[in-house]
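J.: What follows is a predicted structure for the sequence shown.
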Amino acid sequence: MLSLCNAVLGTDYDNPDKLEINTLEGIFFDSRKNDISCSTDNQFLVLVEHQSSVNNNMPFRFLAYVAELLNKFVTDKRKLYKEQLIRFPAPKFFVLYNGNIFNEGFRLSVLQHQQIYF
């Protein structure tokens, strides 16, 4: 897992003790979970999804996942209503795609959260 984080982040972390696996379970109605998520030394929250088909709803899915994960960082929920800013690790989202649409002239694209709103 440490080598995956280093590969997608372009980092060279070498201490696996600073890597915390925090993969979720039961987010959506069918109790699906995200594929892999971890935090690295509380600097980055890394979410990785593996897809064999194109899914244009990934921005929403990542939004749901990261909200749930960040909520776990707040141990005292009363702090959410206080003036003091709660700091979180920066989320980084990655989709690993192994489908065959690339053979059909598919162009790599970046999906952004702004695209899901009217």
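T.: Yes, it's here.

J.: what's the closest non-adjacent residue to the residue nearest in space to the middle of the chain?
T.: Nearest to the centroid of the C-alpha atoms of the chain, with distances taken as Cα atoms, centre = their mean, sits residue 47, at 2.3 Å. Spatial nearest neighbour of residue 47, chain neighbours left out: residue 37 (4.6 Å); criterion: Cβ to Cβ, 6 or more residues apart in numbering. Heads up, the C-betas are built off the backbone N, CA and C, glycines and all.

J.: for the chain, which spans come out with low pLDDT?
T.: Residue ranges of the chain with pLDDT under 70: 26-32, 101-109, 111, 113.

J.: so where's the longest helix in it?
T.: Longest helix in the chain, counting residues (DSSP state H): helix 58-73.

J.: following that one, which helix or strand shows up next?
T.: On the C-terminal side of helix 58-73, the nearest following helix or strand under DSSP states H and E is strand 90-97.

J.: For that following strand, which strands pair with it and how are they oriented?
T.: Strand 90-97 has the following sheet partners, assigned by DSSP bridges: strand 44-51 (parallel).

J.: you'd agree residue 18 is up against residue 44?
T.: No: in this structure residue 18 lies outside contact range of residue 44 using Cβ atoms under 8 Å: 11.0 Å.

J.: From the neighbour counts alone, determine which of the two ranks first.
T.: residue 44 (18 against 13; other Cβ atoms under 10 Å).
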